[in-house]
Structure formats: C-alpha cells, structure tokens
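> have a look at this fold, sequence not included:
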C-alpha cells in the first residue's frame, strides 16, 4: 500500500449499494454507518457484519436482479 492509498478518503457507499469488504473478500449490501463502522448485510439475507470504512469499495460485479428476486 502506498502512502497515497493510505491517505485517500474512504469510499462512501449509498444505502442499498452492493460493496466489497476487502478484508474478508465478501460482498454485501451497505446498510448504515454507526460508530465509525459500516454495517453490511449479505445480498440474500443473513446476519450483518461490520467493516472498517477503509476496507470497503464498490463491488466490481453488478447484482443479477433475476437471481435476487427468486425466493430461497
């Protein structure tokens, strides 16, 4: 990581946006920021997890809306 990357502002996602938690490699839906941590939820439901803002970036692959609309 370069000094420029360390000093770059953290990515600020929008509620409902699919993001990547680079620390864990998981993608999730951004829910909120509380106490300086981003709260993410798996795309198809499940338990939220927290991620540090500097570990979150936009997901590179868009969601398949047909897949998301199918009941599980």
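Right, received. Where do you want to start? Computed from a prediction, not measured in an experiment: that's the story for all the values here.
> name the element the closest residue to residue 11 other than its chain neighbours belongs to?
Nearest non-adjacent residue to residue 11, counting by Cβ to Cβ, 6 or more residues apart in numbering: residue 57, 5.3 Å away. Just so you know, the C-beta spots here come from the backbone N, C-alpha and C atoms, and that holds for glycine as well. According to DSSP states H and E, residue 57 maps onto strand 56-58.
> what's that strand packed up against?
Helices and strands touching strand 56-58, as assessed by 3 or more Cβ pairs under 8 Å, 6 or more residues apart in numbering; DSSP states H and E, comprise strand 18-21.
> and the helix or strand just after the strand it packs on, which strands flank it?
Downstream of strand 18-21, the next assigned helix or strand under DSSP H and E is strand 26-34. Here strand 26-34 is paired, per DSSP bridges, with strand 18-21 (antiparallel), strand 37-41 (antiparallel).
> gap between residue 14 and residue 36?
18 Å (Cβ to Cβ, to the nearest Å).
> oh, that last question was meant for residue 21, not what I typed.
15 Å.
> ditto for residue 51
From residue 51 over to residue 36 (counting by Cβ to Cβ), the distance is 11 Å.
> those two: who's more crowded?
Neighbour tally, residue 51 and residue 36, criterion other Cβ atoms under 10 Å: the higher count belongs to residue 51, 21 against 9.
> contact partners for the residue nearest the centre of the chain?
Here the mean C-alpha position of the chain is nearest to the C-alpha of residue 19 (Cα atoms, centre = their mean), at a distance of 3.0 Å. Counting by Cβ atoms under 8 Å, 6 or more residues apart in numbering, residue 19 touches 11, 13, 27, 28, 29, 30, 38, 40, 56, 57, 58, 59.
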